[in-house]
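Engineer: Build me a structure from this.
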Amino acid sequence: MTRKTISPRLAAVCLGLILVIGAAAYWQSARRHAIGDDEALYGSAGLAILDGDFLLHHTRVMKPFVVYYLQALSRAVAGRTDLAGRLPGIVAALLCLALVYRIGARWFDERVGLWAAGWLAVSPFVLLHFPNARTDAPALLFVLAAVALAGRGRTAWAGFAYALAFATRQLAAFSLPVVAAFVWLDAATSPSPPAAFWRWAGRETARFAKGAALPVLVLLAWSSYTQEPFGWLVRELGGDKYQTGRHAQMTFAAKFLYWIDQTRGLFGAGWLTNLILLLVFATAIYLAIGLARRWWRPRENPTTAALAVMSGFVVFFYLAHSCGFFTLYPRFLVPVAPWIALVAAAGLTAILDRLGEAAPRLRVPLAIGAGLASLLAIGPPAVDFLRAQAEPRPVDDVPAVVSWIAGNGEGKPVLIVGGHGSEAGYYARGTNLKVQHFGRRPEKLRPLIVSHLDRELYLYLDGRELAQYLKVLRQELAPAFRLEAATELKLRRGVLYRIKTAAEIGIVDGQATFLDGADFQARPLTCELAGRLLAESFAALRDDRTAAANVVELRECEIAGGLRRLVFAAEDFSFDKLTIARATFAYRDLEPDWDHWLAARRFHVRRAAEADGLYQIDPAALADYIARKNSNLTEVRAQLTGDRLRIAARAALPLWRPALLLEGELRLDGEKLLLRPTRAEVAGCRLPAWLLRRVAKQINPVFTANLSRFGLRPAALGESGGRLELRAVGLPATP
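Structural biologist: Sure thing, here's the model as predicted:
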């Protein structure tokens, strides 16, 4: 099937040279900049695995499992560095080159594989999107492995490899057509294929599915155990990123031209890439017409069939991604890069063969000339890209900022960033630094500052944020706060600021200095002021953010050198996203956290001689909380009878929404409200007893009542008037 047009030794030498060049280029590209964006999220999950959260049960995930364990393995072997995080991408990119050569040699000849691999080795598009810590290169590696295995008749292993691709990146689902086509094409061109299409197609499909079974089962088991079961799928299908944004307003034609434009870096020169894309599209159309008119048949013309599959897949991919559903990430084009290169290489090889037949003496000079032309077309843009990579980026400041604050900040400092939250969180892992981000929305900065006035505060702004937001932020913070540049830290693309307050918050000689709107006020500490602060504190806990009036009922208050006695009731407020219908509190010799209370209107208790509380929760509020906690449930309803809880809901699955029923006994285990299931049904079918343990693990804890901010701890559960009652007592005294 494979025409060996050059010696195996020469092919091996050329491929080795290509891999060496690719390794050098990828290494240079990968080492230039700090970890950014998605890389930080995947890297943080990989570190969580190494730190003991092996199944990521306590880590929020956004992709299937393979990428996280690749990150963990790489860091376990090569150290916890940025380059170690990108090592899977570098290795995957090099293996992709080898597989592109293998596929080209299988369906065309060795020259096609070498041309395609050589172009991809130094392609600016590949240098940008492959050697990093994202999912694109590993997912493509498994897709190419599936196609290469299919070309050798190993259908089950092809299914296994493709399932790993999907377990790396959800959008690998769009590569299924090209993998399936090569599985069937190899079967159709085998020495003795069955006569009936449905027989051999069905047989190969069954083998493919059998091979894919193990990774799929592992994915299902792992997904059911993560913090949010099947969160990677629920977020992909249920999120709003595909429904909102610029891509949703673009026409089909505009989006198609956008993707064409984003491919321009694949072959260096934009005009050359556009010419090659035109060749690919024309090839797909011509071969489709030829197949329909029976000019060629796959069994008799496997090379033509392979060319049709590759070019047809490229056309399908561009047309599908031009629909309104898809966002505008240029890396979405990674799955078509090898197929474009292979079709272009097949076309170039055919042209060289025709010219060589006409002038046999020019065969070698023509090949050398084509190589030099390719080098001139792709080489300079690749060099320019690597030079541009040397320019500092805003993300490069983040490691220095985090390291400097962690080493020089006092206590537990807080770093607030605009658009580098995931990166700062990644580098702050294992330090005493807390990272917050205002999402480049100036109105969110002030509440973040107010919430952390008890800590040393820093703000990092990159160059773009300085130009867009600095003036607005200063106006937003004045007069209570000011920004003071940390001049001792020299950064390349941004500025680090200390956030200073205009007054010291607290109680001095019976005077309370507190934040009132945009500025600080100083007033005597009275019961009237305490009632106002309480009302504003609990009003801020309401979901609808209503006015402070009628939120708190102040029953008793005594101030004598401090809060000697404080008794009050609060209604309809949210506590850790659970709505409390009514709560009563009683304290003697209370010492609140004045920084939180006077600045952020957060009522936190440091200590009290005596304290007790009673929380009342409506079943409807408990049902809403369960629905928020489990995004794969909808139409949740709850009914409480004594200590028994009955939960009815529907599963929010893409293709099936069965009715669910769960009954059990509520009990208190420390701070955790647990449900001991006694009955569970799915679509009217009762689950066996052994499955109840799995249900209990999924639903529990129903709620964690960490009342320490109120100086309380849960003591007993009860029921009154159809409401759940949680009684609390004061925390043990600490020296």
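
Engineer: C-alpha only now, for contacts and for neighbours.
Structural biologist: Will do.

Engineer: Are we agreed that residue 345 is in a helix?
Structural biologist: Yes: the assignment for residue 345 by DSSP: H, G, I helix; E, B strand; the rest coil puts it in a helix.

Engineer: before we move on, what SS does the nearest residue to it once chain neighbours are set aside have?
Structural biologist: Leaving aside its sequence neighbours, residue 345 sits nearest to residue 112 (C-alpha to C-alpha, 6 or more residues apart in numbering; 5.1 Å). Following three-state DSSP, residue 112 is assigned to helix.

Engineer: Tell me where the stretch 301-450 of the chain has strands.
Structural biologist: For the stretch 301-450 of the chain, the strands defined by DSSP state E, counting those that start in this stretch cover 414-417, 434-437.

Engineer: Just give me how far the first one sits from the chain centre.
Structural biologist: It stands for strand 414-417. Relative to its chain's centre, strand 414-417 lies at 21 Å (C-alpha atoms, centre = their mean, to the nearest Å).

Engineer: mind listing what the nearest residue to residue 592 once chain neighbours are set aside touches?
Structural biologist: The shortest distance from residue 592 to any non-neighbouring residue, by C-alpha to C-alpha, 6+ apart, is to residue 605 (4.3 Å). Contacts for residue 605 (C-alpha atoms under 8 Å, 6 or more residues apart in numbering) come out as 590, 591, 592, 593, 708, 709, 710, 711.

Engineer: again with residue 333
Structural biologist: Counting by C-alpha under 8 Å, 6+ apart, residue 333 touches 259, 263.

Engineer: Please report the distance of it from residue 89.
Structural biologist: Between residue 333 and residue 89 the computed distance is 16 Å (C-alpha to C-alpha, to the nearest Å).

Engineer: sorry, back to before: now the buried members of the contacts of residue 605.
Structural biologist: Buried members of the contacts of residue 605, scored by 16 or more other C-alpha atoms under 10 Å, are 590, 591, 592, 593, 708, 710, 711.

Engineer: if we take these, which one ends up nearest to residue 81?
Structural biologist: Within the buried ones among the contacts of residue 605, distances to residue 81 taken as C-alpha to C-alpha reach their minimum at residue 708, with 37.6 Å.

Engineer: Quick check, the closest one in contact with residue 731.
Structural biologist: Yes: if you go by C-alpha atoms under 8 Å, residue 708 and residue 731 touch, sitting 7.5 Å apart.

Engineer: isn't residue 98 right up against residue 14?
Structural biologist: No: Residue 98 lies out of contact with residue 14 (C-alpha under 8 Å); the separation is 11.2 Å.

Engineer: Neighbour count: those two, which is higher?
Structural biologist: The residue with more neighbours, out of residue 98 and residue 14, is residue 98; 22 against 16, by other C-alpha atoms under 10 Å.

Engineer: what helix or strand is that one on?
Structural biologist: Assigned by DSSP states H and E, residue 98 belongs to helix 82-107.

Engineer: average model confidence for that helix?
Structural biologist: Averaged across helix 82-107, pLDDT comes to 96.

Engineer: repeat for stretch 200-220
Structural biologist: Stretch 200-220 comes out at a mean pLDDT of 92.

Engineer: Show the contacting residues for residue 406.
Structural biologist: Residue 406 makes contacts with 413, 431, 432, 433, as judged by C-alpha under 8 Å, 6+ apart.

Engineer: With residue 354 instead?
Structural biologist: Residue 354 neighbours (C-alpha under 8 Å, 6+ apart): none.

Engineer: pLDDT wise, what is it at?
Structural biologist: For residue 354, the pLDDT comes out at 89.

Engineer: mind checking how far it is from residue 362?
Structural biologist: 11 Å.

Engineer: Leaving out chain neighbours, which residue sits closest to residue 636?
Structural biologist: Excluding the flanking residues, the one nearest residue 636 by C-alpha to C-alpha, 6+ apart is residue 649, at 4.2 Å.

Engineer: so that neighbour bridges to which residues?
Structural biologist: Counting by DSSP bridges, residue 649 forms beta bridges with residue 660.

Engineer: That one: what's it in contact with?
Structural biologist: The contact partners of residue 649, by C-alpha under 8 Å, 6+ apart, come to 633, 634, 635, 636, 637, 659, 660, 661.

Engineer: at 6 Å what do you get?
Structural biologist: By C-alpha atoms under 6 Å, 6 or more residues apart in numbering, residue 649 lies in contact with 634, 635, 636, 659, 660.

Engineer: contacts for stretch 133-146?
Structural biologist: With C-alpha under 6 Å, 6+ apart, stretch 133-146 has contacts from 39, 85-86, 89, 92-93, 96, 130, 158, 161-162, 165, 168.

Engineer: Can you get me the start-to-end distance on stretch 27-45?
Structural biologist: Start and end residues of stretch 27-45 are separated by 23 Å (C-alpha to C-alpha).

Engineer: likewise stretch 145-164?
Structural biologist: Length of stretch 145-164, first residue to last, C-alpha to C-alpha: 10 Å.

Engineer: in it, what's buried?
Structural biologist: Within stretch 145-164, the residues scored as buried using 16+ other C-alpha under 10 Å are 145-151, 153-164.

Engineer: Which secondary structure element of the chain has the lowest mean pLDDT?
Structural biologist: Ranked by mean pLDDT, DSSP states H and E, the weakest helix or strand in the chain is helix 231-238, scoring a mean of 72.

Engineer: And whatever helix or strand comes next after that one, what's buried?
Structural biologist: Moving toward the C-terminus from helix 231-238, the next helix or strand (DSSP H and E) is helix 246-249. Applying a neighbour-count criterion of 16+ other C-alpha under 10 Å, one finds 247, 248 buried in helix 246-249.

Engineer: May I have whichever helix or strand comes after helix 246-249 as PDB, with CA atoms only?
Structural biologist: Later in the chain than helix 246-249, the nearest helix or strand by DSSP H and E is helix 252-262. Extracted in PDB, the C-alpha atoms of helix 252-262 (Å, rounded to 0.1, in the frame of the first residue of the first chain):
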ATOM      1  CA  PHE A 252     -21.800  32.900   9.100                       C
ATOM      2  CA  ALA A 253     -19.700  34.500   6.300                       C
ATOM      3  CA  ALA A 254     -17.900  36.900   8.600                       C
ATOM      4  CA  LYS A 255     -17.000  34.100  11.000                       C
ATOM      5  CA  PHE A 256     -15.800  31.900   8.100                       C
ATOM      6  CA  LEU A 257     -13.500  34.700   6.900                       C
ATOM      7  CA  TYR A 258     -12.300  35.200  10.500                       C
ATOM      8  CA  TRP A 259     -11.200  31.500  10.700                       C
ATOM      9  CA  ILE A 260      -9.500  31.800   7.300                       C
ATOM     10  CA  ASP A 261      -7.600  34.800   8.600                       C
ATOM     11  CA  GLN A 262      -6.600  33.100  11.800                       C
END
